[in-house]
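A.B. asks: A predicted structure for the sequence below; I have some questions about it.
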Amino acid sequence: MLSSSQKTAGKELELARVLLVDDDVTSRLTLKTVLEAGGYCVDSAASAAEAVGKLDERQYELVLSDLQMESPEAGLKVLAHARLMDYKPATAILTTYQNERPDARRSVLIKPEALPELLSKVADLISQRAARIVERQLRHA
C-alpha cells in the first residue's frame, strides 16, 4: 500500500494531458508527435463531437482546437464546451489563417508553421492555468 507522500510523488510525475482537436489528419499527427516529444500526454479528436465526448470523459490541462473543421464555428464550440467544464482547462485555437481574430481575451492563436514556438506557448498556457487554480484555492481557503 502506498503512503500519502508516495501517492503525491506519483501525481507530480504525471504528464500534463492535452486534447488536440483537428480534422486534418496530417496536422493532427504532426502536432501530436511534437507535443508528445515535448513531454505531454496527448489525446486527439478529429471533430467537435468527438472532442466534446472526450472532454466529458476525462480532464485536460489544455485543449487545442482547430478553428474551422466540419463547420466554421466547430472549434469555437469545442472551446466553449471546455470552458464550461468544472476543471477549467486552458484553451487555445490552432489556425493557419492569418486574418482570423477569435476572442483574443480567452484564446491564443497557435499556428502550426510556428512549431519551434509551440511547446513554449503550450507550457505558458498550462502554467497560467495552474496559477489560476492556486489563486482560486487561496481565495476559498
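C.D. replies: In hand now; what should we look at?

A.B. asks: Any idea which helix or strand in this structure has the lowest mean pLDDT?
C.D. replies: The weakest-scoring helix or strand in the chain, judged by mean pLDDT, DSSP states H and E, is helix 4-12 (a mean of 44).

A.B. asks: What is the subsequent helix or strand relative to that one?
C.D. replies: Downstream of helix 4-12, the next assigned helix or strand under DSSP states H and E is strand 17-21.

A.B. asks: Next SSE downstream of that next one?
C.D. replies: Taking DSSP H and E, what comes next after strand 17-21 is helix 25-37.

A.B. asks: Just want the angle from that next one to strand 17-21.
C.D. replies: Counting by axes from the mean of the first three to the mean of the last three C-alpha atoms, to 10 degrees, helix 25-37 lies at 170 degrees to strand 17-21.

A.B. asks: Direction included, what does the next helix-or-strand element following helix 25-37 pair against?
C.D. replies: Next helix or strand after helix 25-37 toward the C-terminus (DSSP H and E): strand 41-45. Strand pairing for strand 41-45, using DSSP bridges, gives strand 17-21 (parallel).
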